[in-house]
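J.: structure for the following, please:
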Amino acid sequence: MNYLCAPMFTEEEKGFIAYWEKNRIRKKKVWRQLAVGLPLGVLIAGATGINYFSGWYTRARMQLDISASGILVVLIALLLTVIFIVVFSAKHRWEMNEQHYRELISRNKTP
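T.: Residues are numbered from 1 along each chain as shown. Next up, the predicted model:
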């Protein structure tokens, strides 16, 4: 069904509907989603790592000096943080676009 002919849509809404109909399956793929949230995840994990390893918090530095496995735990936690942010932000963005698309389509179907 061609929704773009409906007079109820603005040009921006028509453009979004056309874009989302063409790209919604491609945007749902895992590799495509990884590229969306990766910069934010790396930024947050990098800032956390710099904060932890900078030594300004002496108690954290003492814990790091006591146990050599502390570095491994911190690195694993930072990696898990990046993975969580990447997956969450990508899924959230896709769901928001899908919800907006469905709202526009249902608005056209209602009399």
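J.: neighbours around the nearest residue to residue 57 once chain neighbours are set aside, how many?
T.: Of all residues not flanking residue 57 in the chain, residue 51 sits nearest, at 7.7 Å (Cβ to Cβ, 6 or more residues apart in numbering). C-beta here means a position set from N, CA and C on the backbone, and glycine is covered the same way. By other Cβ atoms under 10 Å, 12 other residues sit near residue 51.
J.: check what pLDDT residue 51 gets.
T.: Reported pLDDT at residue 51 in the predicted model: 82.
J.: can you check the one 4 residues further on too?
T.: Each residue has a pLDDT score; the one for residue 55 is 75.
J.: give me the number of residues near the nearest residue to it once chain neighbours are set aside?
T.: Spatial nearest neighbour of residue 55, excluding adjacent residues (Cβ to Cβ, 6+ apart): residue 61 at 4.9 Å. Residues near residue 61, counting by other Cβ under 10 Å, number 14.
J.: any weak-confidence spans in the chain?
T.: 1-7, 30, 32-33, 110-111 (pLDDT under 70).
J.: spatially central residue for it, please.
T.: The chain has residue 89 as the residue nearest its centroid, 1.8 Å off, counting by Cα atoms, centre = their mean.
J.: tell me the SS of residue 8?
T.: Following DSSP: H, G, I helix; E, B strand; the rest coil, we place residue 8 in the coil state.
J.: so the residue nearest to residue 55 sits against residue 51, correct?
T.: No. Using Cβ atoms under 8 Å, residue 61 is not in contact with residue 51; the gap is 11.6 Å.
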